[in-house]
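Trainee: how would this look folded up:
(chains A and B)
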Number of protein chains: 2
Amino acid sequence: MTRVAIGIDLGGTDIKGGLVAEDGSIIQTYIKSTEAHLGGRKVVDRIGDLIQEILDSEGMQGRRDDLQGIGIGSPGLIDQEKGAITRPVNIPDWDYWINVREIFQDRFGLFTWADNDANVGALGEALFGKGKGHKVVLALTLGTGVGGGIVVNGEIFHGACGFAGELGHIMVNPSGPVCGCGNEGCLETYASASAIAKYAQDRIRVEHIPSILKDMARQNDGQVTSKMVYEAALKEDPVALQTVERAGIHLGIGIATFAVAFNPGIVCIGGGASKMGDMLLDHARKELEKRVFFHSHFATPITQAALGNEAGFVGAAGLALTSRS
Amino acid sequence: MTRVAIGIDLGGTDIKGGLVAEDGSIIQTYIKSTEAHLGGRKVVDRIGDLIQEILDSEGMQGRRDDLQGIGIGSPGLIDQEKGAITRPVNIPDWDYWINVREIFQDRFGLFTWADNDANVGALGEALFGKGKGHKVVLALTLGTGVGGGIVVNGEIFHGACGFAGELGHIMVNPSGPVCGCGNEGCLETYASASAIAKYAQDRIRVEHIPSILKDMARQNDGQVTSKMVYEAALKEDPVALQTVERAGIHLGIGIATFAVAFNPGIVCIGGGASKMGDMLLDHARKELEKRVFFHSHFATPITQAALGNEAGFVGAAGLALTSRS
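Mentor: Next comes the predicted model:
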């Protein structure tokens, strides 16, 4: 018998879901548009429909007794105790709390757990990715923002009331760029894929600076992307190289703070910008070495995450596989 | 029956010890000079002698059966699993590891736990001070340096290999003053009692700036202390007020990072500089409010610690009262 669980990753554009085995392997995946404009209740109905599709799928045949329940990763504030979600910023018209545990328990007779999407992503990496076997895992996702999560002994660290792990909003420069959270100089304003693209975009606006990014952007409605920055950096474009260095250095400053405060056994970097690999991470490693005691530096390996786009629903399934109802 | 434990606080100048009851009340206290110049083995002998004095004391009468063991808070790296201490920076000639558990087990037949002095101070505040009843407690001590500790569900959070909680070395300004750890702009370089004194001292060197601190320092071999800064600030001296504001703002920047990363239920500030109370902490609270989401601000009260100079050995006794042999 292999225990399995259904994992759901609720995004602003798509709902991704899958049937996942206890070793993290994916048995079946489904995707559905979120249709956020329809409002929270309808979105939750659509999640339910996707769960129904998974339950009816081929992969589920003969596994109903091994099904541990449903895990959901969602943006917004989550009441993990109750299994309720509130206010995902990208879904308008959401009732103050929607208790997905009650809703799916009623509809499917399956216990449901919910947690923050960044937290379940970290849990997935801790259980099934590079964090496997480590007591304290810190995971960062460099995407539109910088998501984060801390996993201790295989469980998400929630802090006093569920707000812990907002690692994109630790401060790496008190007078840095303004962040969406209201603070200045958050890690997110330097190391997110968006921040990387924006910085390069601002740089190439300066006329006398030569950069192949100018041509690349012209072919994309004038928009630089973090992927373009990576490609240009591979060709040793000076603006791109400097942009990657800036992101990596500030990532290292942030990780230095995590290293002394948390002492993670491993730091896993995922999300779009992490695809730059060592080109980005070597700057972070060098900065970390400069900024912490040698024992903390030695104890804090920085690595590219193993889980890709599936991290969200795989981690959500991990939540159902490791929690107790 | 009230369970009791012996707590030891090993400092560079003094060894403080006491017999502490399970509610944190102090039954008996002893103090002995450290005589650090004699080297580690002799210092450990002196700790043993102090333990013997406590065992022979009036307070111990009729309590031997209720005695849970010995807890030791020490600077330097600690192997909590083994009960061994290495390299306290202020005690020269220390064997690489000294296993105090074995030594005191042999000498007294009592189980011994050891942990970092800042960690046990935080534990004391969490168990018996303002942290009582909170799931996640963060404690900072503003002394010569800035010590820190994180206590989760009544236990010290150690991280992957015991290095967690070095909260004085989180970065609050990447290009701030050089810290003893090698990093720049650590919290310690702004908010320790020494940093407060040093900043005021540097300011009053500038000739045209008027300040009563100039007179106060003159009466103390030219040296400003953090206590003087406090006294001058009470008299609204502009240099002193600005110094306190600078320390408080950077304390708030650091706490903002703790708030989003850890979500502590309470932040307890102890040590010499904390005696300034709200004069200092109000700046930190204001900065925190500016820098984090309202829910994180609301969830992160900053308070003056309840335990004073006894925090060290009371927390060390707490370690023995809450750990399992």
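
Trainee: Which parts of the stretch 151-300 of chain A are strands?
Mentor: A:155-156, A:266-270 (DSSP state E, counting those that start in this stretch).

Trainee: quick one, which of these is nearest to chain B?
Mentor: Smallest distance to chain B across these (C-beta to the nearest C-beta): 7.9 Å, for strand A:266-270. The C-beta positions use only the backbone N, C-alpha and C, and glycine is treated the same way.

Trainee: Show me what secondary structure element comes after the host helix or strand of A:Trp113.
Mentor: Assigned by DSSP states H and E, A:Trp113 belongs to strand A:112-116. Under the assignment DSSP H and E, the closest C-terminal helix or strand after strand A:112-116 is helix A:117-128.

Trainee: neighbours around the residue lying closest to A:Glu155 once chain neighbours are set aside, how many?
Mentor: Excluding its sequence neighbours, the residue lying closest to A:Glu155 (C-beta to C-beta, 6 or more residues apart in numbering or on different chains) is A:Thr322, at 7.1 Å. Close neighbours of A:Thr322, defined as other C-beta atoms under 10 Å in any protein chain shown, add up to 19.

Trainee: got it, and A:Asp66?
Mentor: 14.

Trainee: ok, back up a step: mind putting the strands of the stretch 151-300 of chain A into JSON lines with distance to A:Phe313, mean neighbour count and mean pLDDT?
Mentor: Shown next, in JSON lines, are these (distance: least, C-beta to C-beta, whole Å; neighbours: other C-beta atoms under 10 Å in any protein chain shown; pLDDT from 0 to 100):
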{"stretch": "strand A:155-156", "distance to A:Phe313": "16", "mean neighbour count": "19", "mean pLDDT": "96"}
{"stretch": "strand A:266-270", "distance to A:Phe313": "14", "mean neighbour count": "26", "mean pLDDT": "98"}
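
Trainee: and these as a markdown table, adding distance to B:Glu102?
Mentor: Shown next, in a markdown table, are those (distance: least, C-beta to C-beta, whole Å):
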| stretch | distance to B:Glu102 |
| --- | --- |
| strand A:155-156 | 33 |
| strand A:266-270 | 32 |
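
Trainee: between these, which one is nearest to A:Gly143?
Mentor: Proximity to A:Gly143 (C-beta to C-beta) singles out strand A:266-270 among the strands of the stretch 151-300 of chain A, at 8.4 Å.

Trainee: And what about A:Asn309, helix, strand or coil?
Mentor: coil (DSSP: H, G, I helix; E, B strand; the rest coil).

Trainee: Which residue, neighbours along the chain excluded, lies closest to it?
Mentor: A:Lys16 (7.7 Å).

Trainee: ok so the one you found is a strand residue?
Mentor: Yes - per three-state DSSP, A:Lys16 lies within a strand segment.

Trainee: from memory it sits against A:Asp9, does it?
Mentor: Yes - at 4.3 Å, A:Lys16 and A:Asp9 qualify as touching, with contact defined as C-beta atoms under 8 Å.

Trainee: Mutual contacts of these two, please.
Mentor: A:312-313 (C-beta atoms under 8 Å, 6 or more residues apart in numbering or on different chains).
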